[in-house]
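Trainee: All I have is the shape, not the residue letters:
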């Protein structure tokens, strides 16, 4: 690519990027469906923290919860190897984050037969569970 074409491309790209920061007729949030409002985060400490087999079984069970109709999103994770800091707790082995439209949807999930079956089939794998529920403002 000739030097002048490269400069034109970089300049045009910079202008396009800057223009996306300016207020427009409608923001992305105004044109999209509203995001789910209730965030349900669960952290699991396994009885056998070093067991990949136990971790994979728990992940399998968590994935089975995707079929519950009030869950709008589900992400399963393991601790990230981010910087060690006093405020970071990565002592858990598995986490899951679920999104619900509202408290009613989360309440339906709690008593849903698939959730009850999950607890019955997989609770022997964990020694501790911590839950954080938050409502978006």
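Mentor: Alright, I've got the coordinates. Keep in mind that what you see is a predicted model, and the values were worked out from it rather than measured. Numbers count the residues shown, from 1 in each chain.
Trainee: Count the neighbours of the nearest residue to residue 131 once chain neighbours are set aside for me.
Mentor: Among residues not flanking residue 131 along the chain, residue 42 sits closest, at 5.1 Å (Cβ to Cβ, 6 or more residues apart in numbering). In short, each C-beta sits where N, CA and C put it, glycine included. Residue 42 is flanked by 17 other residues according to other Cβ atoms under 10 Å.
Trainee: Wasn't residue 42 part of a helix?
Mentor: No - counting by DSSP: H, G, I helix; E, B strand; the rest coil, residue 42 is not found in a helix; it is strand.
Trainee: Go ahead and confirm it touches residue 106.
Mentor: No - counting by Cβ atoms under 8 Å, residue 42 sits too far from residue 106 to count as a contact (11.6 Å).
Trainee: what is in contact with these two at once?
Mentor: Both residue 42 and residue 106 are contacted by residue 98, under the criterion Cβ atoms under 8 Å, 6 or more residues apart in numbering.
Trainee: so what's residue 66 up against?
Mentor: Here residue 66 is in contact with residue 74 (Cβ under 8 Å, 6+ apart).
Trainee: where does it land in three-state SS?
Mentor: Assigned with three-state DSSP, residue 66 falls in the helix class.
Trainee: and the gap between it and residue 51?
Mentor: Distance of residue 66 to residue 51, given as Cβ to Cβ, to the nearest Å: 23 Å.
Trainee: the strands in the protein, which residues?
Mentor: 38-46, 73-77, 94-100, 126-135 (DSSP state E).
Trainee: Please identify the most buried of the ones you listed.
Mentor: strand 94-100 (a mean of 20; mean count of other Cβ atoms under 10 Å).
Trainee: Now do it, average pLDDT.
Mentor: If you average the pLDDT over strand 94-100, you get 98.
Trainee: now the angle from that strand to strand 126-135?
Mentor: Going by axes from the mean of the first three to the mean of the last three Cα atoms, to 10 degrees, strand 94-100 is angled at 30 degrees with respect to strand 126-135.
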